[in-house]
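Undergrad: sequence unknown, structure follows:
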């Protein structure tokens, strides 16, 4: 089983749609969680951290369920510029800490 | 703040040569730097973690003698791909961190070995 699993997609949605991505992780000792966005041939950029209480940043909402080891990202009112790959990242703090990346979910927002 | 640069952004080399990639934290001191590799349509895979002034910790399956990492200062880490072969062609990305929480990523180096 992969340490961080995501549906690779692609998710093709029309502009204005709401789309949700899910991610599961295998290490229950994982400490912190993030969603990154990666555009084609570019480095990943932090979209938002994910907190146990859930958090929102504009059109983006992230949720964490530690019991189920599940993370989600909801994008409302999709824009063309949201087209990218969304990476679920888990920060494992055991000895030396490190980020474990999911394979990413591709999103295409269509005009 | 928290800007990380990489140089070069792109490099093409012949098989058998060595290539050095630099990663710099421009406006903060990075106690830890990470090196990742990303093949097409795959996610980032951590290659090694380096702490300033000490030897790098390599992930399983990454040859330390082939991928030499030096973290000589709190703002600079280098990755040298020795005797590069076509299968080493990839997107190499570094990140830098001053805490145990947040990593800041460089723009990446695209390596093509002919």
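TA: Looks like it came in fine. Worth saying up front: this structure is predicted, and the values here are computed from it rather than measured.

Undergrad: and the spatially most central residue of chain B, what does it touch?
TA: Per CA atoms, centre = their mean, the C-alpha nearest to the average position across chain B is that of residue B:35, at 3.7 Å. For residue B:35, the contacting residues are B:23, B:46-48, B:50, B:67, B:69, B:77, B:79, B:92-94, by CB atoms under 8 Å, 6 or more residues apart in numbering or on different chains. For every residue, glycine as well, the C-beta is placed using N, CA and C.

Undergrad: and chain A, which of those reach it?
TA: B:46, B:93 (CB under 8 Å from any CB of the partner chain).

Undergrad: and of the contacts of residue B:35, the nearest to residue A:33?
TA: If you rank the contacts of residue B:35 by distance to residue A:33 using CB to CB, residue B:46 comes first, at 16.5 Å.

Undergrad: apart from its neighbours in sequence, what residue is nearest residue A:61?
TA: residue A:74 (4.4 Å; CB to CB, 6 or more residues apart in numbering or on different chains).

Undergrad: what does the helix or strand that neighbour falls within contact?
TA: Assigned by DSSP states H and E, residue A:74 belongs to strand A:70-75. The contact list for strand A:70-75, computed with CB under 8 Å, 6+ apart, reads A:18-25, A:33, A:35, A:47, A:50, A:59-65, A:82, A:86, A:88, A:107.

Undergrad: just the buried members of those?
TA: Among these, those buried by neighbour count (16 or more other CB atoms under 10 Å in any protein chain shown) are A:19, A:21, A:23-25, A:33, A:35, A:47, A:50, A:60-64, A:82, A:86, A:88, A:107.

Undergrad: so the residue nearest to the centre of chain B, which state does it fall into?
TA: strand (DSSP: H, G, I helix; E, B strand; the rest coil).

Undergrad: any idea how far it is from residue B:21?
TA: The gap separating residue B:35 from residue B:21 is 8 Å, by CB to CB, to the nearest Å.

Undergrad: what touches both of these two?
TA: B:79, B:92, B:94.

Undergrad: nearest to chain A, of those residues?
TA: residue B:94 (9.2 Å; CB to the nearest CB).

Undergrad: isn't that closest one up against residue B:77?
TA: Yes - taking contacts as CB atoms under 8 Å, residue B:94 lies within contact range of residue B:77: 6.5 Å.
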